[in-house]
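> here is the input, now give the coordinates:
(one chain, ligands or ions: 1)
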Amino acid sequence: MEKLIITIAPTGNVPTKKMTHHVPVTPEEIANDIIACYEAGAAVAHIHVRDEEGIPTSDKDIFAKVLRQLEERACPITRQISTGARGGKSAEERGASLSLKPQSASLSTGSSNFPTTINANDPALINYLASIMLEGDIKPEIEVFDVAMIHNAVQLQKAGMIKGPLLFNLVLGVKGSLPATAKNLFFLVESLPPDAIWSVSVIGSKHVNLSMIAMALGGHVRVGLEDNIYYSKDVLATNIALVERIANLAKAMGREIASPEDVKRIWDIK
Ligand code: ZN
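From the prediction side, this is the model:
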């Protein structure tokens, strides 16, 4: 079986310092957590940033600060920037940080609901972001909240707007979208094109169990405070502890952990 890619999503858009003091929000805190998670086994960092008030933003300069710290401290982890709907409004805002040429960026190929807002990704916006990623040789990670988003990504590949192999992150357990059940995970996995590379990102108390199913099926796993602020019932998580648990489970299952160098081969990126 292919080595396991562990992605760390340290910050996201939702957790605040009030909810958990463990969430990194300044560029320095974010870079510190990413580096510690790399040392614990993470090969990809899925990066969101916040402004000085801690509010989600697509501000390119703040993304640049995080990337610079990783650069300066020689952390080889694969960089993936979020272009998500909660960080910015217009297509230009959401795509601004792509000029920093990260190795990868998230791309939602459809709309759904978040708990209190819409995950709005209209066709023009999807095409706009996909074309910048294609031009910049940035690997899109398709964020899947619904099976239609898989189909849309395949259509974009057929139209020459996304290069294969397609990379998917299957998101389960967001209130307003697909519930976190094994049945939904199987349904999404069975709906993927045969050469797809995929990970799961499970929100809520099922995240460990469903991540283990994904690992047994040959999928990859994303963890982090973006998806879960709790490690277990009433116990707040740290990013490092979440990565360590998945790395330990992988070892127990006999699955090797991928390095950033392995990610280049598996994702077919430079
Ligand atoms: Zn994200």
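> where's L225 relative to L242, distance?
Counting by Cβ to Cβ, to the nearest Å, the gap from L225 to L242 is 8 Å. C-beta: built from backbone N, CA, C; applies to glycine.
> cool, A180 as well?
Here the criterion is Cβ to Cβ. By it, A180 lies 16 Å from L242.
> likewise for A85?
For A85, the distance to L242 - Cβ to Cβ - is 24 Å.
> all helices of the stretch 101-250 of the chain, in order?
For the stretch 101-250 of the chain, applying DSSP state H, counting those that start in this stretch gives helices covering 123-136, 147-158, 182-190, 207-217, 239-253.
> which one of those lies closest to P24?
Closest to P24 of these is helix 239-253 (Cβ to Cβ; 7.3 Å).
> I'd like the average pLDDT over the next helix or strand after that closest one.
Beyond helix 239-253 on the C-terminal side, the first helix or strand identified by DSSP states H and E is helix 260-267. The pLDDT scores in helix 260-267 average 98.
> in this structure, which residue is closest to the centre?
What sits nearest the mean C-alpha location of the chain, by Cα atoms, centre = their mean, is H46, with 4.6 Å.
> how about P193, phi and psi?
Dihedral pair for P193: phi -60, psi 150, per degrees, to the nearest 10.
> what do you get for the one 3 residues further on?
A196 has phi and psi values of phi -70, psi 150 when expressed as degrees, to the nearest 10.
> which non-adjacent residue is nearest it?
Spatial nearest neighbour of A196, chain neighbours left out: L166 (5.1 Å); criterion: Cβ to Cβ, 6 or more residues apart in numbering.
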